[in-house]
Each structure stands twice: as structure tokens, then as C-alpha cells.
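S.K.: Next one to model:
(one chain, ligands or ions: 2)
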Amino acid sequence: MEVAGERIRVQALVQSGLSQVPTQYVQPPQNRLVHNCPPTTATSDSRSFPDTDADVPVIDLLGFDPDQVCPVRESIGRACREWGAFHVKNHGVPVTLLDDIRRVGLTFFNDCPMPEKLRYACDSSSAATEGYGSRMLVSSEQQQNVTVQVLDWRDYFDHHTLPLSRRNPSGWPHFPSDYREVVSKYSDEMKVLAQKLLALISESLGLSSSSIEEAVGDFYQNITISYYPPCPQPELTLGLQAHSDMGAITLLIEDDVGGLEVLKDGDKWVNVQPLSDAILVLLADQTEIITNGKYRSCEHRAITNSNRARLSVATFHDPAKTVKISPTSEMVNESSPAKYRGVVYGDYVSSWYTKGPEGKRNLDALNLDS
Ligand SMILES: O=C(O)CCC(=O)C(=O)O
Ligand SMILES: [Fe+2]
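M.R.: Numbering: from 1, shown residues only. Ligands and ions are numbered 1, 2, ... in the order given. Just a heads-up that it's a prediction; the model follows:
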């Protein structure tokens, strides 16, 4: 099968009616679901009945007044320390816009014929190019001294949206007709929300509200719409292998299918319950560095299922490639020395794409304690 040629999309494989997953998509046993769950939840039931005692926190911004001392910052601080993730509701982004981007994304993946979709194929010879692809994350596995690459059970459309100089909607789908307008509007709204959240996250650490945003600089924002087709052998695959996101903060919405899991306390995979009006906030690696590890980035993965395709929209907010990220001086002192080496963000990205994410190994490589 042509995978090296990169024209294969998972959706096309599924449409061809296959009943067994091609070997390139088979995860090594240690990454498969059952083996990676703690003993108490290591049953197939844990996939459909998540542990409701341990849900990602929900933070309600209704009536939030930035000039008042209020419990919101405290709740955000706790969520960041305990999870590196939280849902936010009453976030100020029109819910109709969340529905619109899910609608245009789904219409593109479901109703656009494959040859038409492939007109937007991204350039698979370099990492993170814009367009329609299927292979953003590649994990490597050693088998008899040969490195085997394992593919995710996922197709995606990646859009470069900010700064505006990178935004070129003419290269995005023309079908449905409002696709480009919806994605542009969504990008603008997500930027405002990311700024608001980074300010609250900074304040929750006792930092000035602009502290993290200043360390990141102007956002480089990408929006990735992921489409996970149903998988005939979900126990063998992952929609997206375990990783933390590279940048500063990710804002994610999804449909009602479910399949995202976050790693809690380093050893428990917890299902994220889809909440249609809420936005999931995931702290990413540069925020862990900037906060000197006070807040950890959230490791997450997507599992597959055999019944329904799943759609998610992830909006990444990253530093420019030239920005050097280090622990902010406000978080470093004699009793809390710097835990991470500074890194030029572009170098971080290159190493991430060269080595593959494998959980948080790229961040671990900067850890001065290890
Ligand atoms: O589809 C999801 O829920 C997760 C997507 C994701 O983690 C990513 O694109 O980095
Ligand atoms: Fe991610």
C-alpha cells in the first residue's frame, strides 16, 4: 500500500471497505488502550464509561469581572496544577460560531469527493504545512533494530491563521461556501479568548496579567480540524498518539462522539466528556517552561471507535520560531531554581517533528533536573 507516497487518507481506506487495519496503523502493544490503563480501569468498559469522579474541571466565566478578586482565578490555578486542562464555558465566543466551524469542517470531510479534497493536499515532505493531510504525528518503534513508523488513524485540515500575514484563505476549502469566512472569524475569536485565558493563568500564579503572553510574543496560530473515521479494529490503533502540544495554549472543541483522553497524574488516562458549548483548554509545553514547571502541559491522545467518525477543531497558539523561551524570571529564585534550559522555539519544533512526540520526551530533554 502506498503510504510513503502520502496520498493515502484514512477516510479513503475506510471507504474501500477494509475489515483489517493495515500494519502501518497498528500501535505497538504498550501504546494500545488496554495495556496503558491502570489496573482498575484496564477493561474495555473504561472506554465507554469514563471515571466520572475524575472529570476535567469546568470553569464558568459567566459574570467574571477582571477587576474583582474572585474564585475563578483560584479554580483556574487548581485546574492547571492538577490537570493542565479545563473546560471553559460562558467564554464569550458565540456558540453559533462553534457550531458553524464544526458544520463546515464536517461538510468538507463528509460531502466533498476525495479527488476534490486532494486538491488541497498538504506538502507532506515538510512538517506542519497547511492543507489536507493524514500524518502530522509519526511515532517510531524499534522492531529488530529497524525503526518502524506508526501512523495515526486520522485525517486533518491544517490552516495557518495568525499573524494575518500567514493567513491565506484562498488555499482553504471553497466548499461549503462559508468555510473560509467561518474559519477566519473563528481564528479571531480564539485569539481573544487565548489572550484572556493566558492573563487569568498568569494572575493565578501571582504574575502580572501580561506575563505569559509577553514571554510568548505575537501568537502564531494554527487551526487543525481533525477527522477520525470509524476504525474496524479500534483496539489496535490510536486516532492520535500520546503527546503534549508544542506551543503555549491550545483551545479545542469537538463533536459529541468522544475519544479524547488526558493523562492524569502521569498514570491515568481519563476520557474527556464532550461539552458542546464549552471549549477545552490544554496547557502546552512552552507554558510549562515559562511557568518553570509550576503548571505542566497536558499529555493527551485520541482513541478510535468502530461506529462513528469523530471531528475536533484544535486551535494552537505558539510563539514565533525565533522567540527564545525560558522560565520567566518571576518564577525563578533561590528556592525555586530554573528547571528548564531556554530553547529557541523553532529548534523545539524541529526536534519535535524529527523525533516524534512520544509523550513529553522533547520537553523532558530540556529538564535540568533529569
Ligand atoms: O482530536 C482531538 O481531540 C485532539 C487533537 C490534538 O490533540 C491535536 O491536534 O494536537
Ligand atoms: Fe494535541
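
S.K.: Phi, psi for residue 252 please.
M.R.: phi -130, psi 140 (degrees, to the nearest 10).

S.K.: Specify the beta-bridge partners of it.
M.R.: residue 280, residue 314 (DSSP bridges).

S.K.: For it, list the residues it contacts.
M.R.: Residues in contact with residue 252 (CB atoms under 8 Å, 6 or more residues apart in numbering) are 260, 279-282, 312-315. C-beta: built from backbone N, CA, C; applies to glycine.

S.K.: go on, residue 295?
M.R.: Counting by CB under 8 Å, 6+ apart, residue 295 has contacts 80-81, 84, 201, 205, 283, 287-288.

S.K.: same thing with residue 247?
M.R.: Residues counted as contacts of residue 247 (CB under 8 Å, 6+ apart) are 216, 220, 284-286, 316-319.

S.K.: again, but for residue 158
M.R.: 122, 128-131, 133, 136, 222-224.

S.K.: I'd like those written out as TSV, with pLDDT, neighbour count and distance to ligand 1 added.
M.R.: Below are these laid out as TSV (pLDDT from 0 to 100; neighbours: other CB atoms under 10 Å; distance: CB to the nearest ligand atom, whole Å):
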residue	pLDDT	neighbour count	distance to ligand 1
122	91	21	14
128	73	17	11
129	86	14	15
130	95	19	14
131	96	20	15
133	93	21	12
136	62	20	7
222	98	21	9
223	98	23	10
224	97	19	5
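
S.K.: Of these, which belong to helices?
M.R.: Assignment to helices by DSSP state H places none of those there.

S.K.: Same list (those) but as JSON lines, adding distance to residue 334.
M.R.: Output for these, formatted as JSON lines (distance: CB to CB, whole Å):
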{"residue": "122", "distance to residue 334": "48"}
{"residue": "128", "distance to residue 334": "39"}
{"residue": "129", "distance to residue 334": "45"}
{"residue": "130", "distance to residue 334": "46"}
{"residue": "131", "distance to residue 334": "49"}
{"residue": "133", "distance to residue 334": "47"}
{"residue": "136", "distance to residue 334": "41"}
{"residue": "222", "distance to residue 334": "39"}
{"residue": "223", "distance to residue 334": "42"}
{"residue": "224", "distance to residue 334": "41"}
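
S.K.: does any part of stretch 245-259 sit near ligand 1?
M.R.: Yes. Contact between stretch 245-259 and ligand 1, assessed by CB under 6 Å from any ligand atom, occurs at 245, 252, 254.

S.K.: Averaged pLDDT, that stretch. What do you get?
M.R.: Average pLDDT, stretch 245-259: 98.

S.K.: Can you add distance to residue 65, pLDDT and neighbour count and give the contacts of residue 295 back as CSV?
M.R.: Formatted as CSV, the contacts of residue 295 follow (distance: CB to CB, whole Å; pLDDT from 0 to 100; neighbours: other CB atoms under 10 Å):
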residue, distance to residue 65, pLDDT, neighbour count
80, 21, 98, 24
81, 24, 97, 13
84, 26, 98, 24
201, 17, 98, 27
205, 20, 97, 21
283, 24, 98, 25
287, 24, 98, 29
288, 29, 97, 26
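
S.K.: Secondary structure and distance to ligand 1 added to the residues you listed, as TSV?
M.R.: As requested, the contacts of residue 295 are exported to TSV (DSSP: H, G, I helix; E, B strand; the rest coil; distance: CB to the nearest ligand atom, whole Å):
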residue	secondary structure	distance to ligand 1
80	helix	18
81	helix	21
84	coil	13
201	helix	19
205	coil	24
283	strand	13
287	helix	15
288	helix	16
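
S.K.: hmm, which two among the residues you listed are most spread apart?
M.R.: Within the contacts of residue 295, 84 and 205 form the most distant pair, 13.6 Å apart (CB to CB).

S.K.: shaky segments in the stretch 101-250 of the chain?
M.R.: Across the stretch 101-250 of the chain, the ranges flagged by pLDDT under 70 are 136-148.

S.K.: Strands of that one, residue ranges please.
M.R.: 131-133, 138-143, 146-151, 155-162, 220-228, 240-243, 249-254 (DSSP state E, counting those that start in this stretch).

S.K.: where's the last one relative to the chain centroid, distance-wise?
M.R.: Looking back up the chat, that one is strand 249-254. 7 Å (CA atoms, centre = their mean, to the nearest Å).

S.K.: Same question for the fourth one.
M.R.: For strand 155-162, the separation from the chain centroid amounts to 12 Å (computed by CA atoms, centre = their mean).

S.K.: what is the orientation angle of it with strand 220-228?
M.R.: In terms of direction (axes from the mean of the first three to the mean of the last three CA atoms, to 10 degrees), strand 155-162 departs from strand 220-228 by 160 degrees.
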